[in-house]
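In: Need the 3D shape of this:
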Amino acid sequence: MANPLDLAGAKEYLGATAASDADVQDALDAEWAAQVGACGDRSADYPDDLLQALKRRVARNLAMRGVLLGLAGQDAEGGGAQRVYGVDPEIKRLERRYRKLVLA
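Out: Numbers count the residues shown, from 1 in each chain. Here you go, the predicted model:
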């Protein structure tokens, strides 16, 4: 089971980032494992939409590292902290048809 996205590809997608190579690789490894868990191992025939979802997963993982307790700063009106949701709608859309159906 080979990850189709390497460190160089992830960094190219991220563009300018303050994250170290070790942090990007850590996020990439974690998100690849999460995607395989959710969608199965498709490394033999890896479609473009799953690759885009993996890139976005890595970017979201790195962005969330700076958000403590899932709360973002104040809103535009100066109100309280806003909750950062755990589901990215674009990742969900890209992975939808590959998701494993779990029956309990």
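In: Show me which parts of the helix or strand Leu94 falls within are buried, residue by residue.
Out: Secondary structure assignment for Leu94, by DSSP states H and E: helix 89-95. For helix 89-95, a neighbour-count test (16 or more other CB atoms under 10 Å) marks Ile91, Leu94, Glu95 as buried. No exception for glycine: its C-beta is placed from N, CA and C like everyone else's.
In: likewise stretch 23-33?
Out: Val24, Gln25, Asp26, Ala27, Leu28, Glu31, Trp32.
In: quick one: contacts of that stretch?
Out: With CB atoms under 8 Å, 6 or more residues apart in numbering as the test, stretch 23-33 has contacts from 3, 5, 7, 10-11, 14, 17, 19, 54, 57-58, 61-62, 65.
In: Restrict it to CA atoms and write it as CSV.
Out: C-alpha atoms of stretch 23-33 as CSV (Å, rounded to 0.1, in the frame of the first residue of the first chain):
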residue,chain,number,x,y,z
ASP,A,23,5.3,18.4,10.1
VAL,A,24,4.1,18.1,6.5
GLN,A,25,5.3,14.4,6.3
ASP,A,26,3.6,13.7,9.7
ALA,A,27,0.3,15.2,8.4
LEU,A,28,0.6,13.3,5.1
ASP,A,29,1.2,10.0,6.8
ALA,A,30,-1.7,10.5,9.2
GLU,A,31,-4.1,11.7,6.5
TRP,A,32,-3.2,8.9,4.1
ALA,A,33,-3.9,6.3,6.9
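In: pLDDT of it, averaged?
Out: Throughout stretch 23-33, pLDDT has a mean value of 94.
In: now do stretch 42-49
Out: For stretch 42-49, the per-residue pLDDT values average out at 83.
In: Can you give me the end-to-end span of it?
Out: One end of stretch 42-49 to the other measures 12 Å (CA to CA, to the nearest Å).
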